[in-house]
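In: sequence-free structure coming up:
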């Protein structure tokens, strides 16, 4: 069951990562730091790498810790400011990414990586 769960968790991140490349220019306005679309591509590549890591069972523990950090940055910079103001979409995205962050930490804790 753990293997199936890890794969189910990886698929959306693979698709999210691909979407960052396909729709990067439309997403660039959401980035609250200088660099815009470059950060969209970097985070997209990170999500794809995390998914691939799960599928090939290489460096999964590290990849999931880094994915959790990325999700924490999303929460702090993208979602939490709006959530504090009471924006329902931001509240939902904060909770969604918090759940995904927790899932990444769980997968990190159960991973028995191959080199």
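Out: That came through, no problem. These numbers come from a predicted model, not from an experiment.
In: quick check: what element follows the helix-or-strand element of the chain with minimal mean pLDDT along the chain?
Out: With mean pLDDT, DSSP states H and E as the measure, the helix or strand of the chain carrying the lowest mean pLDDT is helix 24-27 (a mean of 89). Sequence-wise, the next helix or strand downstream of helix 24-27 (DSSP states H and E) is helix 37-56.
In: could you list the low-pLDDT ranges of this structure?
Out: Low-confidence regions of the chain, defined by pLDDT under 70, span residues 114-115.
In: 80 - rerun?
Out: Counting by pLDDT under 80, the chain has low-confidence residues at 113-115.
In: what's the longest helix seen in the chain packed up against?
Out: Using DSSP state H to define each element, the chain has its longest helix at helix 88-110. Using 3 or more CB pairs under 8 Å, 6 or more residues apart in numbering; DSSP states H and E, the elements in contact with helix 88-110 are helix 2-22, helix 60-73, helix 80-84. To be clear about C-beta, it is placed using only N, CA and C from the backbone, and glycine gets the same treatment.
In: ok, the residue nearest to residue 6 when sequence neighbours are not counted to residue 110 distance?
Out: Among residues not flanking residue 6 along the chain, residue 54 sits closest, at 5.1 Å (CB to CB, 6 or more residues apart in numbering). Going from residue 54 to residue 110 by CB to CB, to the nearest Å gives 11 Å.
In: for residue 87, phi and psi?
Out: As for residue 87, its main-chain torsions (degrees, to the nearest 10) stand at phi -70, psi 120.
In: count of neighbours near it?
Out: When neighbours are defined as other CB atoms under 10 Å, residue 87 has 14 of them.
In: quick one: contacts for it?
Out: Neighbouring residues of residue 87 by CB atoms under 8 Å, 6 or more residues apart in numbering: there are none.
In: just give the number of residues close to the residue nearest to residue 6.
Out: Per other CB under 10 Å, the neighbour tally for residue 54 reads 25.
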